[in-house]
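S.K.: Provide a 3D model corresponding to the input given below.
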Amino acid sequence: MKLRHATNDDSPALIALIDKVYREYGEVMHTAGADSDLLAIEARYNEKGGDFIVMENAAHHIVGCHATLPIDTENGLLTFRRLYLEKSLRGSGHGKRLMEWALTWARESGYRRVEFWSDTRFTAAHRFFLNYGFKQTGKIRDMDDGALPYSEYFFCMDIS
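M.R.: Next comes the predicted model:
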């Protein structure tokens, strides 16, 4: 599997990948709201000091992704977004590779802390985060920017 930087041209494939994952949990893609970042990857990530990568298989199909986005560069605070992987690849080490890329990127870019929110329905992902060393603080927020209302848990980790 190859990792490479995402471009705006990857938007349709990323939307298809993430929509497929969403549907596993009864959710649908909403590019007019919560998922609008996928329509302008370069402007929403790279031009704001972050990065977005895709994982491609040998046939050059996008099978995974992950993104970083600064929250507060002065205080070394970063968020992770868009960690998704084809269902058939979960548990195979590819998710770890995507997470390692993000953590390495964050440390090399001078960040000291990662904070992010994750949909409460993504229980397997939550186990992955906790096993990786992220803390689930107990904070929860209700969101209404998706096609359907949803809730998210807060995760964080000091990485310095």
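S.K.: contacts, neighbours, all on C-alpha from now
M.R.: Fine.
S.K.: Can you pull up the most central residue in the protein?
M.R.: The chain has residue 82 as the residue nearest its centroid, 2.1 Å off, counting by Cα atoms, centre = their mean.
S.K.: Report the beta-bridge partners for the spatially closest residue to it that is not a sequence neighbour.
M.R.: Setting aside the residues directly before and after it, residue 82 is nearest to residue 66 in space (Cα to Cα, 6 or more residues apart in numbering), at 4.9 Å. Residue 66 has these beta-bridge partners by DSSP bridges: residue 53.
S.K.: Kindly report the same for residue 142.
M.R.: For residue 142, the residues forming beta bridges with it (DSSP bridges) are residue 151.
S.K.: Checking residue 145 next. Helix, strand or coil?
M.R.: Assigned state for residue 145: coil (three-state reduction, DSSP: H, G, I helix; E, B strand; the rest coil).
S.K.: Could you double-check that the residue nearest to the centre of the chain lies in contact with residue 65?
M.R.: Yes. Residue 82 is within contact range of residue 65, at 6.4 Å (criterion: Cα atoms under 8 Å).
S.K.: Okay, now the sheet partners of the host helix or strand of the residue nearest to the centre of the chain, with direction.
M.R.: Counting by DSSP states H and E, the element that carries residue 82 is strand 77-85. Taking DSSP bridges as the criterion, strand 77-85 sits next to strand 62-72 (antiparallel), strand 113-119 (parallel) in its sheet.
S.K.: Right, I'll leave it there.
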